[in-house]
Every structure is written in C-alpha cells, then in structure tokens.
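Participant: Give me a model of this one.
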Amino acid sequence: MLGAAVAAPLAAQQAVPDVGENPVAVPPPHSMRAPGQIASFTGPGYVNNYNRLGNNGPMDDTTAKIVKFLHEYDESKITPSAELWFNRTMIDSMAALIAGFELEEPRIAAKIAADYYPAGKEKATILGYGVVTNPEVAAIANSILIRCTDFNDNVAAGNHVSTLIPAALSMGEALHCTGREVMAAIIAGYELSDTVVGNDAVCSAAMAGMLMKLDEDRMANAISLALIPHIELNKGQGAMSMWKNVRESEPVKCGVWGAILARQGLTGNPQPFEGRGAYYSYQRRADVPPLTLPKRPDAMVIEWNHWFKRRPAEAGSQGILVMMPEVRAWVKPEEIAAIHFDMGDWEEIGDNPKWDPRNRQTADHSLPYIIARALLDGDIYLDSYSEEKFMDPKARELMNKTTLAQVLGWSGNGQGRLTITKTSGETKYFDTFNGIRALTMKEYVPMTDEEVKAKFDRVCAFQKVTNAQRDQAYKVWSNLGQLKDFADAMKVMAKFGQPKPL
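Facilitator: Predicted structure coming up:
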C-alpha cells in the first residue's frame, strides 16, 4: 500500500499505484496469448506527478508516517517527564561511553579516524581521544564506546538504544545545534527504535536528518538510503568476536551517512518498507504492520527507559547478580559441589563455547563465567573480564561445576533460578523471577538520579577522569537543554583519562 507522496509539504496525490499493473483493461488483440493465460499486463496510463526530488516515486505509507512524525516533533513538544528521563539516559550513556575507553574496538575506530578521515567542513569529536573527524566517523566511534562494555540501556524490545545517541551527538556538534534540538532528535530516535521499523540505521538517519532540518522529501530519502543497504544481522552465538560490540554502531554511521547523502540530493528507493523486495518482504511479512507514532499518547518511549544496568554484563545475568551478596552469605566458593541455573533465553549466554571464553567479548556473555566470577569476587565490574580473570583456574573450576537448562515459557532479562549444592549435600535455590520471590523486579525499578550519578562517578574513577572534569561533565550532560551550542558539551569530554598513543 502506498502513502501520499511528498510535494513540500506532504499532500494528497493522485491515487495511482507506483508499482504493479497500469490501468489498461484488456490486452491488445495482437497478443499471442489469450486473456486467461496472462498473469499480468502493463501498458500506458501511469502518470508520475508526485513532484519529488529527481522525479522519484511516491513514499510508501510507513515512510510517510515516519516523515510526518519527525517533522511534527520538535523541542516545543518535549514534556518535563521526557526531559527528566532524557537527562538520566544521557548520564547513564556517558557512564557507558567512559567505561568503554581504551578497549580494543574503540581504539581501532579512533585510530582509523585519525589516520584516514581528517575533518572536512563539518567537524565532530571522538570523545576521550580528542580526534576531530567527519560526523559519520565520529558517530560510529562514539557509539562503539557506549556499547562495548555492555553497560548501556536495554529499553526498547531489549535493544541497546543508547548506541544510537552518537548520531545526534556528532551532527549536533558539527552543526552547532542547541541542546534542546539534540534532545528532541534523540527522543524521536528512541521513539522509532521501539516500533516495527526500529532499524538502527533508520533511527540514526532520523536523528541526523532532524538536526540537518531536512525537508520531507530529503528526510524520506535519508531513511531509504539508511535502510536499503543496511539490513542488520545478529552478532552470532558461541564464541563472540569484536563485531558483537560494533554491529549496532556500524548502522549508526550508515544512518548519518544516509542523511548526508540525502541532504546533497541523492534519492533513495521510494518504497523502502512496503515495496517489492523491501524491508517487510525481507522479513517475510505478507501484511503491512500497524505503525503509530508516537507509540503511546501518554508518554514517549524514552520515558519507559527504566532498564539501566547496574553491572557491565549481559542482560540475562543482571537478576542473579542482584542476589549475589545473599548467595555468598550462604556459601563459600570452596564449599560448592554443583551449580545449576534454570533460565529462559539461553543461547546467547549459555551455549557450549561459553564454558571456555577466550576473549572479553565472550566472557561478558558467558553466564557460567559471570556466576563464577561473582561468587569469587562478590561483584562484576569493568575489570572482571581480563584474560587473567577469565582464565583463572578457580573460576574455571566453578564453571566446570555449572549446568544450565532452558525452561519453556520463561523469557526476559534476568529470569532464572540458581540452585547450589554444597559438598555437604545441602542444597538451596535462589529465584530471580517467577519463583517464591521476584527479585529481578528490582532491576526494573528505575534507578534514581543518585544511583545513576554513583554509576557515573565510579566509572570516572575507574578510568582516571579527574574529579574536576567529572563534576563539570555531570553538570553539563545532565542539563543539555540549557546549551545554546551543543559543541560545548563535546568539548568538556573531548579528552579524558590516560590513553595510550593510537
């Protein structure tokens, strides 16, 4: 089904489809086939009067709805509640970004930017390293920083939506937008992320396009240019690679790049969602799923963003980590004969290679290792995934006593029952969800401003950010709506910590 084409502004167009048969009733008499033998027939009658850039065809309905939402949502629509949750999200995301500093993936991104992508007319900064480059390159590097320690949010459909934020950071800095303009773009990106079109590249193109103030036609092209070449596959299972921490960031770069191309006049597939061979057909959908923007009339998606992580570990481990002080009060590691964990979604964190993690990327997704390390140390933090620790014989001994089982009907982050048997034969279980206690629900209670700040402060101390810079960063990044030039926020954290030379 095709939506109204864009003719600046969106307006009703002639009801002639852009694909399929033209309005010709019967085949001509000289046709070699009888009418009953013809599967389809085309002929004159189609008129392209959609008045789009490059004489492009009309938008499909999904694109038209997205474009309409993006052009109607701006800083004037930001409610006090949305601003509150935006501020919390930004501090939590900055904590995750700082946490990722100096790991292999962001260092690779920063070095490539420094070596190959000197800044052009529009400049954006890779935070921490102070590398000034093009907006799309800064976007992927900063996105990797946010994502690579698995310490950022899990708001929309389990996605790490804050990975998208650097699309707005880079264009907001490059274009010297106001803080409230950047805020509106990020809130809109979060809204798209929790819909049937929550593709990372599309959301990033929307953020960048809003800050570029693309007209409706170019915004539609930006969305198409982001989506069509960039259908995302998963990070895989088993032994994890660095791509686990980059796969959500690469589409962020592509979204910004799509918006840049569209601004210059490049046109994209006019029906990227509903056309033949497009997004919904790729998903093998015979229908066009309903799309409502905003998703709810009473609150924006960012206001549901209650799932900030208290520990840098895969989401499925969060519930049992909450209970670890209670577990360790009952049993010492040397007293353990067997460990068993019943859970819902298991393959990502409990398949065979997770019993032999040989890199950080696999270790922070290995439930056997995370449980073992937490039993030994009492907690999981940024230093829990060094080679020394994941190869530790004491951890391996506990991992070799561990079994996992999937429970049909269980799903969701952190749902599980940990059962420990002592060498004495005594057994006790600890429910994190759907058991005698629902302790996982604690993880869904929103972190307070004080808890988010404590997370930020601890990360800064770990990465040797000075107290003065930490306090200045918190002051600015928890109140971005006051900035007249968003580049001022990026300057505060352009360099921090003690990085090795790239």
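Participant: all contacts plus neighbour counts: C-alpha atoms, from now on.
Facilitator: Fine.
Participant: Could you list the low-pLDDT ranges of the stretch 1-150 of the chain?
Facilitator: Applying pLDDT under 70 to the stretch 1-150 of the chain flags the ranges 1-41.
Participant: run the last query once more with 90
Facilitator: 1-47 (pLDDT under 90).
Participant: Which parts of it are helices?
Facilitator: All helices of the stretch 1-150 of the chain, identified by DSSP state H, counting those that start in this stretch, fall at 61-72, 80-99, 104-116, 135-147.
Participant: could you dump the shortest one to PDB, C-alpha only?
Facilitator: Output of helix 61-72 as PDB, limited to C-alpha atoms (Å, rounded to 0.1, in the frame of the first residue of the first chain):
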ATOM      1  CA  ASP A  61       2.700   4.500   3.900                       C
ATOM      2  CA  THR A  62       5.400   3.600   6.500                       C
ATOM      3  CA  THR A  63       7.900   6.200   5.300                       C
ATOM      4  CA  ALA A  64       5.200   8.800   5.100                       C
ATOM      5  CA  LYS A  65       4.200   8.200   8.700                       C
ATOM      6  CA  ILE A  66       7.800   8.400   9.900                       C
ATOM      7  CA  VAL A  67       8.400  11.600   8.000                       C
ATOM      8  CA  LYS A  68       5.200  13.200   9.300                       C
ATOM      9  CA  PHE A  69       6.200  12.300  12.900                       C
ATOM     10  CA  LEU A  70       9.700  13.600  12.500                       C
ATOM     11  CA  HIS A  71       8.500  16.900  11.100                       C
ATOM     12  CA  GLU A  72       5.900  17.400  13.800                       C
END
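Participant: rewinding a little: quick check: which of the helices of the stretch 1-150 of the chain is nearest to Phe456?
Facilitator: Phe456 lies closest, by Cα to Cα, to one member of the helices of the stretch 1-150 of the chain: helix 80-99, at 4.7 Å.
Participant: Which positions in that closest one come out as buried?
Facilitator: Neighbour-count burial for helix 80-99 flags 82-83, 85-99 (criterion: 16 or more other Cα atoms under 10 Å).
Participant: What angle do helix 104-116 and it make with each other?
Facilitator: On the basis of axes from the mean of the first three to the mean of the last three Cα atoms, to 10 degrees, helix 80-99 is oriented at 80 degrees to helix 104-116.
Participant: Tell me the gap between whichever strand or helix holds Lys428 and the middle of its chain.
Facilitator: Assigning secondary structure by DSSP states H and E places Lys428 in strand 427-431. Chain-centre distance of strand 427-431: 34 Å, with Cα atoms, centre = their mean, to the nearest Å.
Participant: That strand packs against which elements?
Facilitator: Helices and strands touching strand 427-431, by 3 or more Cα pairs under 8 Å, 6 or more residues apart in numbering; DSSP states H and E, are strand 416-422.
Participant: how about Leu404, what does it touch?
Facilitator: Under the criterion of Cα atoms under 8 Å, 6 or more residues apart in numbering, the neighbours of Leu404 are His340, Phe341, Asp342, Met343, Gly350.
Participant: Mind checking which of these are buried?
Facilitator: With burial judged by 16+ other Cα under 10 Å, the buried subset of these is His340, Phe341, Asp342, Met343, Gly350.
Participant: Follow the chain on from whatever helix or strand the first one lives in and name the next helix or strand.
Facilitator: Which is His340. If you go by DSSP H and E, His340 is part of strand 336-343. The first helix or strand that comes after strand 336-343 along the chain, using DSSP H and E, is helix 347-350.
Participant: sorry, back to before: let's have the helices of the stretch 1-150 of the chain in JSON lines, adding distance to Gly209.
Facilitator: Shown next, in JSON lines, are the helices of the stretch 1-150 of the chain (distance: least, Cα to Cα, whole Å):
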{"stretch": "helix 61-72", "distance to Gly209": "9"}
{"stretch": "helix 80-99", "distance to Gly209": "19"}
{"stretch": "helix 104-116", "distance to Gly209": "23"}
{"stretch": "helix 135-147", "distance to Gly209": "12"}
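Participant: Any figure for the gap between Met490 and Gln283?
Facilitator: 38 Å (Cα to Cα, to the nearest Å).
Participant: How about Thr292?
Facilitator: Distance, Thr292 to Gln283, using Cα to Cα: 19 Å.
Participant: Got the confidence number for Gly344?
Facilitator: Reported pLDDT at Gly344 in the predicted model: 78.
Participant: Adjacent strands (with direction) for the strand holding His340?
Facilitator: Sheet pairing of strand 336-343 (DSSP bridges) gives strand 402-406 (parallel), strand 416-422 (antiparallel).
Participant: winner for burial among these?
Facilitator: For those, the largest average neighbour count (mean count of other Cα atoms under 10 Å) is found in strand 416-422, namely a mean of 21.
Participant: which ones are touching Lys495?
Facilitator: Applying Cα under 8 Å, 6+ apart, we find Lys495 in contact with Leu127, Gly128, Tyr129, Gly130.
Participant: Would you mind confirming that the first one is in contact with Asn142?
Facilitator: What it means is Leu127. Yes - counting by Cα atoms under 8 Å, Leu127 touches Asn142, with 6.6 Å between them.
Participant: So Asn269 belongs to a strand, correct?
Facilitator: No - judged by DSSP: H, G, I helix; E, B strand; the rest coil, Asn269 forms no part of a strand; its state is coil.
Participant: Give the closest residue to it in space, chain neighbours not counted.
Facilitator: Nearest residue to Asn269, sequence neighbours excluded (Cα to Cα, 6 or more residues apart in numbering): Ser224, at 5.9 Å.
Participant: for the strand or helix carrying the one you found, packing partners?
Facilitator: Using DSSP H and E, the element containing Ser224 is helix 216-227. Under the contact definition 3+ Cα pairs under 8 Å, 6+ apart, helix 216-227 sits against helix 61-72, helix 200-212, helix 250-263.
Participant: Out of the helices of the stretch 1-150 of the chain, flag the one nearest Asn269.
Facilitator: Of these, nearest to Asn269 by Cα to Cα is helix 61-72, at 10.7 Å.
Participant: angle of the closest one against helix 216-227?
Facilitator: 120 degrees.
Participant: got the buried residues for helix 61-72?
Facilitator: Going by neighbour count (16+ other Cα under 10 Å), the buried part of helix 61-72 is Asp61, Thr62, Thr63, Ala64, Lys65, Ile66, Val67, Lys68, Phe69, Leu70.
Participant: Okay, helices next: where are they in the stretch 251-400 of the chain?
Facilitator: Going by DSSP H, counting those that start in this stretch, the stretch 251-400 of the chain shows helices at 279-282, 318-330, 347-350, 360-363, 367-377, 387-390, 393-399.
Participant: Among those, which comes closest to Ala184?
Facilitator: Closest approach to Ala184 among the helices of the stretch 251-400 of the chain (Cα to Cα): helix 279-282, 26.4 Å.
Participant: Contacts made by that closest one with the rest, please.
Facilitator: If you take Cα under 8 Å, 6+ apart as the criterion, helix 279-282 is touched by Ile228, Pro272, Phe273, Glu274, Gly275, Ala286, Asp287, Val288.
Participant: same check, this time on stretch 293-312
Facilitator: Outside stretch 293-312, the residues that touch it by Cα under 8 Å, 6+ apart are 65-66, 69, 81-82, 85-86, 89, 92, 149-156, 187, 190-192, 194-195, 315, 318, 364, 380-382, 443-447, 455.
Participant: buried subset of those?
Facilitator: Listed as buried from the contacts of stretch 293-312 are 65-66, 69, 82, 85-86, 89, 92, 149-156, 187, 190-192, 194-195, 315, 318, 364, 380-382, 443, 447, 455; burial here means 16+ other Cα under 10 Å.
Participant: wouldn't Asp150 be in contact with Gly316 here?
Facilitator: No - checked against Cα under 8 Å, the pair Asp150 and Gly316 is beyond contact range at 11.5 Å.
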